[in-house]
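>>> Next come a sequence and a model predicted from it.
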Amino acid sequence: MKKYLCALSAGVMILFIQAGLKNEGPANKPELGKLLFFDPILSRDLTISCASCHKPDYAFADTSATSPGVGSVRGSRNTPSAMNVALQRIFFWDGRAKTLEEQALAPIENPDEMDLPIEEALKRLNENESYSGYFKKIFNSEPTRSNLGEALAAFERTLETTESPFDRWKFYQDRNAVSASVKRGFILFNKKGKCVSCHFGSNFALDEFRNIGLFNGRELNDSGRSIISGNPLDAGKFKIAPLRNVGLTAPYMHNGMFKTLREVIEFYNDPGKVVPDAMNRDSLLAKPLGLTKRERDDLEAFLNALTDQSFKQKNKQNGN
Amino acid sequence: MKLFFVSAFLITVFGSTPKNKLTGRWETRPSAKGNITGVVFNQNHTHEVYINKKPFVSGKYSLRRNTITIEETGCNGAKGIYKLIFFSGSDSLRFEPISDDCNERRQGMSRTILGRVNK
């Protein structure tokens, strides 16, 4: 009898544990979006997810100049960070998407990225018992183009960061949160460096396109915004890149041609030295800035102060 | 010793910048999209503007009676002069433009109503 009771209680316990461990799935749109973001189900050969190129440890950007897609095909542009997009109004380097929902679907269909027609992706999700149930529960609908984009965008909107040393200094009024070099760098950013003319706003970027001089029609032949607008005057213009967590998102620029922040600063200090034959470079960059070595150090320190604390804590935990 | 205490008292009372009723943190109500814009007016006549806890404008301000003059990053260093209108027992605030060449700021300030954030 005693043995029987022991076996019975063990059985009941196992049932309870199993019930507790049972995955009930995402509870809302951002959670569903997160699941999809990390799932290779949205790529043609089931090898690539959004997170393959938008790597969480690097502020949801990539570490290579251009990212490999399905079959290791590479596109021609650098993967931007998928963080701090909630307030952005234009998406992709050439601004081809006007909403985050529209943006979220484009890489799935792009032959250089996940290479899966949306209709095929929806069919897969529909045939997948779990996803089909999640969409039913959250959207009261089967997966559609619209709610797939909505779920992915809802997840991306949760990726806001507000805990950088700069935020601690400016928002929380902690003047010891940053070094004297960072404070000098901030002044340079706003004055002598003229960075603020384009990198203005809560994510340090205007929703605009500028030609910074990385287009010469030869080896630098990506004409950027003009492909979308059809306006030849837009040749060489690209979306102004937001700067939050920029210390983690190397390499830089639309083509990933600069490996470090230092290279970026050296470029802006004298763009003509790096690309002498640039076409229609913005007049803001007509003359060299003439930054001294210390000023360049300060600017770099300021840019690194835009890295959210959560990444530092994570790196510490990982022993990096 | 006596002199020390007298000096300390005088410095405390008269040496620091007097706190004005603008000093402190002010925020809008959440917008339809849930965005909250805010500003911290510091006693040293500097201020920080932010949206959703993200600072995006730093500047300095001066006060003369109910008029504020501001100068900030962005707006190409243009100065803006606004009339301060306190209401709800000085716990709410709005700005009436007097002069500002920076149109974006003028538009933003004109439609902003801020409430004092009590710490």
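On my side now, so go ahead. Remember, it's a predicted structure, so these values are computed and weren't measured experimentally.
>>> contacts, neighbours, all on C-alpha from now
Will do.
>>> Do a quick rundown of the helices in the stretch 101-250 of chain A.
With DSSP state H, counting those that start in this stretch as the criterion, the stretch 101-250 of chain A has helices at A:118-127, A:129-139, A:145-156, A:165-170, A:180-190, A:225-229.
>>> Looking at those helices, which is nearest to B:Ser92?
helix A:165-170 (22.7 Å; CA to CA).
>>> helices or strands next to that closest one in the packing?
strand B:54-64 (3 or more CA pairs under 8 Å, 6 or more residues apart in numbering or on different chains; DSSP states H and E).
>>> Pull out the buried residues from the strand it packs on.
B:54-61, B:63 (16 or more other CA atoms under 10 Å in any protein chain shown).
>>> Let me have the residues you listed in CSV, extended by distance to A:Ala59 and pLDDT.
CSV is the format used below for the buried residues of strand B:54-64 (distance: CA to CA, whole Å; pLDDT from 0 to 100):
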residue, distance to A:Ala59, pLDDT
B:Lys54, 17, 98
B:Pro55, 19, 97
B:Phe56, 20, 93
B:Val57, 24, 94
B:Ser58, 25, 95
B:Gly59, 29, 95
B:Lys60, 33, 96
B:Tyr61, 35, 97
B:Leu63, 41, 96
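>>> what's next to stretch A:272-281, contact-wise?
With CA atoms under 8 Å, 6 or more residues apart in numbering or on different chains as the test, stretch A:272-281 has contacts from A:211-217, A:236, A:267, A:288.
>>> Convert that stretch to CSV, retaining C-alpha atoms only.
This file holds the C-alpha atoms of stretch A:272-281, laid out as CSV (Å, rounded to 0.1, in the frame of the first residue of the first chain):
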residue,chain,number,x,y,z
GLY,A,272,37.8,64.6,-49.3
LYS,A,273,41.0,62.8,-48.1
VAL,A,274,39.1,59.5,-48.0
VAL,A,275,36.9,59.8,-51.1
PRO,A,276,38.4,62.7,-53.2
ASP,A,277,36.0,62.2,-56.2
ALA,A,278,32.7,62.1,-54.3
MET,A,279,29.7,63.4,-56.2
ASN,A,280,27.4,66.0,-54.7
ARG,A,281,28.8,65.7,-51.1
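>>> Mind listing what's buried along that stretch?
A:272, A:278-281.
>>> tell me the mean pLDDT over that stretch?
Throughout stretch A:272-281, pLDDT has a mean value of 97.
>>> what do you get for stretch A:289-309?
98.
>>> One more: stretch A:249-261?
98.
>>> How about residues contacting the helix or strand A:Ser52 falls within?
For A:Ser52, the enclosing helix or strand under DSSP states H and E is helix A:50-53. By CA under 8 Å, 6+ apart, the surrounding residues in contact with helix A:50-53 are A:37-40, A:60-62, A:67-68, A:79, A:107.
>>> Of those, which belong to helices?
Taking DSSP state H as the definition of helices, these contribute A:37, A:107.
>>> can you narrow the contacts of helix A:50-53 to ones near chain B?
Among the contacts of helix A:50-53, no residue lies close to chain B (CA under 8 Å from any CA of the partner chain).
>>> mind listing what the closest residue to A:Pro26 other than its chain neighbours touches?
Of all residues not flanking A:Pro26 in the chain, A:Leu32 sits nearest, at 5.1 Å (CA to CA, 6 or more residues apart in numbering or on different chains). A:Leu32 is in contact with A:25-26, A:134, A:151-152, A:155, counting by CA under 8 Å, 6+ apart.
>>> What's the ChimeraX syntax to select whichever of these are buried?
Buried residues within the contacts of A:Leu32, by 16+ other CA under 10 Å, are selected in ChimeraX with:
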select /A:26,134,151,152,155
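>>> Quick one: residues contacting the closest residue to chain A within chain B.
Nearest residue of chain B to chain A, counting by CA to the nearest CA: B:Phe56, 4.5 Å away. Applying CA under 8 Å, 6+ apart, we find B:Phe56 in contact with A:200-204, B:48-50.
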